[in-house]
Each structure stands twice: as C-alpha cells, then as structure tokens.
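>>> kindly return the folded structure for what I paste below:
(one chain, ligands or ions: 1)
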Amino acid sequence: VILVIVSRVMSIFGKPTPSTKAMTNSLPQNLLSLDLANRLSFNSDSINVASTDFGKLVQSKPQAVLYPSSHQDIQNLVKSSYTSTTPFSIAAKGRGHSVRGQAMAQNGVVIEMRSLMNCGNRINVSSTDLYADVGGEQLWIDVLNATLESGLTPKSWTDYLYLTVGGTLSNAGISGQSFLYGPQINNVYEMDIITGRGETVTCSKHMNSELFFGVMGGLGQFGIITRARIALQPAPQKVKWVRMLYNDFSVFTRDQEHLISKNIDDNGQNHGLDYVEGSLMMGIRLSSLNNWRSSSFYSKRDYRKIISLATTNDGKTNIIYCLEVAKYYDDLTANTIDKELEMLFSGLSYTPGFKFTKDVSYVDFLNRVRIGELELQKQGLWDVPHPWLNLFIPKSRISEFDSGVFQGILRKYRSSGPVLVYPTHRNKWDERASAVVPDEEIFYSVGLLQSSGMNDWEYFEEQNKEIIRFCEKVGIKFKQYLPHYETKTEWENHFGAKWDLFQQRKTMFDPKRILSPGQRIFSS
Ligand code: FAD
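Predicted coordinates for the structure are as follows:
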C-alpha cells in the first residue's frame, strides 16, 4: 500500500515510479530495498522511451529503467543481478542512437546513462598532460566544448557529435580523421569499467589490459564505461573544407588513397590533410543534394552546375562521387594554408571546375551534421526509421563493390539518405581491441544511411540483404560496422580469429551474460 501511494505521488511529479505491480515480475524483490530504488522507474513513459532507438526498426520492452545519480547506483544494480539466483539483463543506454535495438534489454533493466549528467562536472581537462577524463554518458559535442576552453581538442571524431562517449567506444567511433589517428578507440588512455560481476576496474593498455582491449569495440559485452581518459592535442581555429567531384570511381578512389598516404612525421607534424571522406551523389535533384550531410554546403548556382554534370545527353543521371577533405589551420598558418592545399591537391584528377571550398570555424566543421539534423527535425524527417547498413570493404574489392552495389543494386532500388565511402588504414586499429576490420592494409568504410517512411523500411532492408548476398556471392570479405546478426555462426564469422578471445573475455568479465543483451551475441 505504501508503495502504491509513493508511486502515485511520484508520478504526479514526473519522477521514476516504483510500483508493486512491476515488482511481481521477474526482477528480484530485493531491488526495491536497495538505495537506488527511488531511481528505478517502472512507468510506461520510461519503458516506452527505453524500448525504441534511432533506427525505429525494433522494439524491446525492459521491466524497468534506472536513472543513476552516481556510478555507485550502476554498480549496485549490476551486482544485484550478478548475485541473484535469477540474474536479469542490463543495457547501458547512451543516446540510443543505435539502429537495431543494441541498447535495449528485453525484460531486463535499461540504464539511462545520460542521467549521470545531473551529478556535477564529469569532464575534467588536464592541459599539462593533454587528456580529458570524461564520463561515459557525455556527448562528444560537450567534450569538444569543454576541451576547447583550454585550447585543446580530441583527435578522432564521428561525423555526428550528439553521441555518447560510452556508445561510440563500444563500437569504434570513425570518421574522416580515422586514417590519421585511428578510430576513437585508439585515442583512449584509460577507463573505469563496471564489469558484469559488479566490480569497478580501472584499466589501460598496461593495467588490466584484457578488459581495456575487450571493451574497445566490445559492443557493451564486458562492462559499462563510466570514465574514459581521452587523448587531446592543441585545437586549431579554422578549417578549409573542400569537396571535389568525380564521374569515375577508379579515379576517385585513387585520389582518396593518395591523400591518405600522406601522414604524420616522427615530430608529430602532419604533412597531409586532417580529414578525408567521400560520398555518392545519386539520382541528383535539388532535394537530394540537400540531405543532412550536404545541407548548406553548396550555393544555388553550384546546385545547377552539379545537376548538369550528373545529367547525361539522354536525360538520365549518373552517379557523382564526392571527395570531401579538410585541412585545419590557425592564425599562424593563415597565410600559407592556400598554398599548402594547392600542393596537396596537385596531381588530383577531379572534374575541372568542380572543386568547392568553404572556410569555417573548427567547431562548425566538426558539428556540421547538426545543421542537417535540425533541418530534418523541423520537417519531421529525423524521427523516422533508419534501415542502415555499414560495411568495411577491403581495398582490393572496392571497385567490384562499386559495379555491383553502387552502379547495380542501388540504381535498382530507390535511395534515400547519404551513402558514404572512404578509405582508412588498418595499421591505425589496435589488433588487440575487440573491434574487427578486414584483413587488408587499406579498407573502405561504406555507410548506406537510408531513412524511410514509417511503413516502407522493409523495402530498404531487402536492399541491404541483397547487398550482403552480392558480397557473399562474389567472395568480398567484408566486415559489418555497428554489426547486427541473428545467429551464433554469423557472429563467429564476424569475429573470425578473435571469436575465441571474445568468448573468453565474456566468461572473464560477464560470466552470467548480463550486459548489452540487445546486441544478441550471447543468449542468457
Ligand atoms: P547507444 O545506442 O545508446 O548504445 C550503443 C551500444 O553501446 C549498446 O550496446 C549499449 O548497451 C552500449 N553502451 C552505451 N553506453 C555504454 C557505456 N557507457 N558503457 C558500455 N556500453 C555502453 N558512428 C561512427 O562511428 N561514426 C559516425 O560518424 C557516426 N555517425 C552517426 C550519425 C548518426 C546520426 C547516428 C544516429 C549514428 C552515428 N554513428 C556513427 C553510430 C554511433 O556511433 C553508434 O550508434 C553509437 O553506439 C551511438 O552512441 P549512443 O550513445 O547513442 O549509444
């Protein structure tokens, strides 16, 4: 009776509401006697939010949602599952920007990590040692803003900054800087992890390294990241942001590979670009140029030029390949930046007259996707299903991938969203981490970032399946990024030579298979 009254009163104030009804389910009754009880919510609003994600393709209902007010709440929750005779599953949820339920926990408990935002400053910058200690729940945009106050910045990024540190480190965290610095997981010195045994462990390359490397790209399987020490460097002020257009895929990739071959010397001096990506422009119409990655880059006059480049004599449209690069600079190098770029671009074979340059602040460059997001939100086109497929393709097969997929399958189907394609170096990925990449020194990251209407996402899923079938048929040894599989055999194939180690790490750090069940790697 007391619980029912408490529940009613708390729901009036919109706080988490324990209810006796909820506790008749399979969660251990002693949860409500723990200190965290009043931060556990069973109300339908909380459950609904935790049952969906950015992808809007799957739904999975937890029994409860924890809004932790401290690291201790998370540890107590995991411990209570680990020590129970009937352990329940637990998923840390960052921003829930996964697309296939990876941060969900069917019948378990979802931890809304962002709730830790309310417990004081959780981004601490060391200007002398060039690192920032940040909570796993922090958004990269907030890490950027905090580090810039000291004139510093992380080195490696994702295209979109409204993702949590814990969420991207559980995958890898890639963007156009990865060819230079490796993915975000290669730019972390140390972490605090709450393992599936409910223990807090500090780890690094040299201390508890098995856990450290396990968690890097570990899809949330070994522990919950509550703190990560991120490598920093001095921040530039401005960015030359350049796009060059190509009709020919082999010329486009040759230039991309040439640009990523320039690297940092032994004195830490970068002689090349700071960012190299690429994308497809397909079925060109004004609206398709104005997607969330392109918006506000081109002028109206540029649009018309690009459309004419894409249109063939018989009125059809070709695919245009867009090479996108950036070079950072500041007051000291402002006089020489244009000359430097000219030298870097000499020998490139983009279509003459199709180089477009913008001069923007460092923050505006890194935060470029946000403008597109806000625009789509206004039009009601952001919170829609996202049947995405992300693949790593070995360099030796990328031209076949272009013929079969870009020029073949994608032309057959409707395309709706950015398609990214850019190369990176395997030697920038630490072999000991859980993340897996193809077995070739250069591989391409391909992102098919489709959006669909509420009822036609299966159309794009069919397209994704056809792409996978094509790769399998012609023997392209791809790896999925942000992977999603249905069977144990598929996961075994995905991890390949790392599968045994991945399983051993699971037994070591989460023997009761409590954590991140939404990845569907281990059944509990
Ligand atoms: P969630 O979706 O909440 O969680 C993802 C997984 O990590 C789950 O298994 C969850 O249980 C686990 N997890 C979450 N927090 C923690 C924690 N603290 N400790 C341990 N495990 C945890 N990715 C790139 O690499 N590069 C990009 O450029 C890029 N751009 C994107 C743009 C958009 C618009 C979107 C929606 C996604 C993009 N992604 C990109 C993918 C993104 O990095 C992943 O989906 C990432 O997991 C999202 O972070 P999140 O905080 O929303 O994680």
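>>> wait, Asp510 sits on Phe222?
Yes: when contacts are counted by CB atoms under 8 Å, Asp510 is listed as touching Phe222 (5.8 Å). To be clear about C-beta, it is placed using only N, CA and C from the backbone, and glycine gets the same treatment.
>>> which one's more surrounded, the two?
Phe222 (28 against 24; other CB atoms under 10 Å).
>>> which ones are touching that one?
Phe222 is in contact with 193, 195-196, 211, 214-215, 505-506, 508-510, 515, counting by CB atoms under 8 Å, 6 or more residues apart in numbering.
>>> which neighbours do Asp510 and Phe222 have in common?
The contact sets of Asp510 and Phe222 overlap at 195-196 (CB under 8 Å, 6+ apart).
>>> what's the burial count for Asn38?
16.
>>> let me see the backbone angles for it.
Comment: the main-chain dihedrals of Asn38 come out as phi -80, psi 0, following degrees, to the nearest 10.
>>> and the gap between it and Leu163?
Asn38 sits 29 Å away from Leu163 when distances are taken as CB to CB, to the nearest Å.
>>> likewise Thr489?
With distances defined as CB to CB, the gap from Thr489 to Leu163 amounts to 30 Å.
>>> in the stretch 351-500 of the chain, which residue sits nearest the ligand?
Here the stretch 351-500 of the chain gets closest to the ligand at one residue, Leu482, 5.6 Å apart by CB to the nearest ligand atom.
>>> and that residue, what is it in contact with?
Taking CB under 8 Å, 6+ apart, one finds 98-99, 102, 171, 388, 390 in contact with Leu482.
>>> quick one: which of those residues sit in strands?
Counting by DSSP state E, the members of the contacts of Leu482 that fall within strands are Asn390.
>>> from the contacts of Leu482, list the ones also adjacent to the ligand.
On the criterion CB under 6 Å from any ligand atom, 98, 102, 171 are the entries of the contacts of Leu482 that sit beside the ligand.
>>> pLDDT below threshold where in the protein?
Scanning the chain with the threshold set as pLDDT under 70 gives 1-25, 284-295, 524.
>>> the longest helix in it is where?
Criterion DSSP state H: the longest helix present in the chain is helix 457-474.
>>> list the buried residues of it.
Burial within helix 457-474, assessed by neighbour count using 16 or more other CB atoms under 10 Å, is assigned to 457, 460-461, 463-464, 466-467, 470-471.
>>> same question for stretch 170-189.
Of the residues in stretch 170-189, 170-189 count as buried by neighbour count, 16+ other CB under 10 Å.
>>> stretch 298-312 now?
Along stretch 298-312, the positions that meet the burial threshold by neighbour count (16+ other CB under 10 Å) are 298, 303, 306-307, 309-310.
>>> now, the buried residues of stretch 170-189 that are in helices?
Counting by DSSP H, the buried residues of stretch 170-189 place 178-181 in helices.
>>> make a markdown table out of the residues you listed and add distance to Trp382.
As requested, these are exported to a markdown table (distance: CB to CB, whole Å):
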| residue | distance to Trp382 |
| --- | --- |
| Ser178 | 25 |
| Phe179 | 29 |
| Leu180 | 30 |
| Tyr181 | 29 |
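>>> farthest-apart pair in these, please.
For these, with distances taken as CB to CB, the pair at the greatest spread is Phe179 and Tyr181 (8.3 Å).
>>> between those two, which contacts overlap?
A shared contact of Phe179 and Tyr181, defined by CB under 8 Å, 6+ apart, is any residue touching both; here these are Lys428.
>>> near the ligand, which residues of the stretch 401-524 of the chain show up?
With CB under 6 Å from any ligand atom as the criterion, the stretch 401-524 of the chain meets the ligand at residues 482, 516, 518-519.
>>> residues of the helix or strand encompassing Ser250 that come out buried?
Under the criterion of DSSP states H and E, Ser250 resides in helix 249-261. Neighbour-count burial for helix 249-261, counted by 16+ other CB under 10 Å, picks out 249, 251-253, 255-257, 259-260.
>>> which one of the residues you listed is nearest to Val143?
Out of these, the one with the shortest distance to Val143 is Ile260. That distance is 25.2 Å, counting by CB to CB.
>>> which residues does the closest one contact?
Residues in contact with Ile260 (CB under 8 Å, 6+ apart) are 179-180, 272, 276, 423-425, 442.
>>> got the residues of the stretch 1-150 of the chain near the ligand?
Of all the residues in the stretch 1-150 of the chain, those in contact range of the ligand (CB under 6 Å from any ligand atom) are 54, 91-98, 102-103, 113, 136.
>>> 5 Å instead, please
Proximity of the stretch 1-150 of the chain to the ligand is assessed by CB under 5 Å from any ligand atom, with 54, 91-98, 102-103, 136 identified as the residues in range.
>>> how about JSON lines for these, with neighbour count added?
Formatted as JSON lines, these follow (neighbours: other CB atoms under 10 Å):
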{"residue": "Phe54", "neighbour count": "19"}
{"residue": "Ala91", "neighbour count": "28"}
{"residue": "Ala92", "neighbour count": "28"}
{"residue": "Lys93", "neighbour count": "30"}
{"residue": "Gly94", "neighbour count": "25"}
{"residue": "Arg95", "neighbour count": "19"}
{"residue": "Gly96", "neighbour count": "24"}
{"residue": "His97", "neighbour count": "20"}
{"residue": "Ser98", "neighbour count": "28"}
{"residue": "Gln102", "neighbour count": "26"}
{"residue": "Ala103", "neighbour count": "29"}
{"residue": "Gly136", "neighbour count": "26"}
